[in-house]
Structure formats: structure tokens, C-alpha cells
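[1] Generate a structure from the sequence data that follows.
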Amino acid sequence: MSKYDDIKDTLEKRLDELEHSMENDEEFETTELSNYDNHPADNATDLTDKHTRLALRKHSEDEINDIKEALTAIKEGTYGVCSVCSKEIPMERLEAVPTATTCVEHAQQEVDESIRPVEESILNSSTDQPVDDEDPRIRDYENSFDDLEEVGSSDTPSDKQ
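    This next block holds a predicted model:
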């Protein structure tokens, strides 16, 4: 009996769940017969649902690959050993992340920038940090809400009539 039998059982159960889920995953279909009379928000909802399903499917495929890689390592006797430095991976890490093939020091820690939306690099959510090349007539580089709040806000009695 191997010290990894419990982890192997966990991995096999999860693999079965994922494969069953992938087999029974229905293809996304819109509820509308035509986009002609469809409200734009309905189209946006359908598109968001489709993107969400695609992302979940990709995540499941990646998890299946990781599980198969870990099960192969168990079979070959290389499971629990870091594939980079060949040091033993602590049992606590393997119990927390059964698909781990590296120690914490060699685990991928960097964010994959290629999967982030392009818009993130140019959008700013704060008026306190304007875009450098913005037209100065558009913004006063101050938090404009302070000026508006002097006139009144929903919290002040001036709005209650």
C-alpha cells in the first residue's frame, strides 16, 4: 500500500466527475429563433453565457490534463518529487493540491498576461489617476464629486422635498 493511495483515489474520483460532466455538457443554444426582434441585452446575455461555458470547459480540460499527469506520475513512481529540482514535495502540499508536480518554490507564481483582457491596460476606474495623454479640457484632474457634493447629494436634506 502506497502513501499516495488516498490522493490517487481522490484524483480518480475527480477525473470521473470531470469526464462525466464533459460528456453530458450540452452545446449552447440561444433561446431566440432570430436576432432581428431580440433585445440587445438578450444578445449580450447569450454571448456572456456562451463565453462562461467556454471558459469552464477550458478549465475542466486543463484540470483533466493535470489529473492525468499526476496519475501517470503515481504509476511511474515519480509522484511527490518536484519535476524541477527533484526534491520531495511536502505531503501537505500534495493534499492541498493533488495535481502538484512541483514544490512551492518552483510552482508557477506569475500571472499569465496573455489571458487578461486587452482593455485592462488602458482602462482606469478612478478619477484620482487620470490618463496622462487625456485632453485637459475633459477633466480637471481633481475628484469632481467633491464639487458636486457641495450642491447636494442624496444624503443631504436639499434633495428631500
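[2] quick one: buried residues of stretch 71-83?
    The neighbour-count criterion (16 or more other CB atoms under 10 Å) identifies Leu71, Ala73, Ile74, Tyr79, Gly80, Val81, Cys82 as the buried residues of stretch 71-83. All C-beta spots, glycine's among them, are computed from the backbone N, C-alpha and C.
[3] Without its sequence neighbours, what residue ends up closest to the second one?
    When you say that, I think you mean Ala73. Distances taken as CB to CB, 6 or more residues apart in numbering put Tyr79 closest to Ala73, at 3.9 Å, once the chain neighbours are dropped.
[4] now the protein, which segments are flagged as low pLDDT?
    When residues are selected by pLDDT under 70, those of the chain lie in 1, 26-38, 109-113, 121-144, 156-161.
[5] tell me what the lengthiest helix in it is packed against?
    Ranked by residue count under DSSP state H, the longest helix found in the chain is helix 40-76. Judged by 3 or more CB pairs under 8 Å, 6 or more residues apart in numbering; DSSP states H and E, helix 40-76 is in contact with helix 5-23.
[6] Give the buried residues for the helix it packs on.
    By neighbour count, with 16+ other CB under 10 Å as the criterion, the buried positions of helix 5-23 are Ile7, Lys8, Leu11, Arg14, Leu15, Leu18.
[7] The second one against Ile67, yeah?
    Which is Lys8. No - assessed by CB atoms under 8 Å, Lys8 is found out of contact with Ile67, at 10.4 Å.
[8] Please tell me how far Thr48 sits from Leu15.
    In this structure, Thr48 and Leu15 are separated by 29 Å, where distance is defined by CB to CB, to the nearest Å.
[9] re earlier: for the residue nearest to Ala73, give its distance to Thr99.
    10 Å.
[10] Name the residues contacting each of those two.
    Counting by CB atoms under 8 Å, 6 or more residues apart in numbering, the residues touching both Tyr79 and Thr99 are Ala70.
[11] In contact with the nearest residue to Pro98 once chain neighbours are set aside, which residues are there?
    On the basis of CB to CB, 6+ apart, the spatially nearest residue to Pro98 that is not a chain neighbour turns out to be Ile7, at 4.9 Å. When contacts are counted by CB under 8 Å, 6+ apart, Ile7 touches Ile74, Leu94, Glu95, Pro98.
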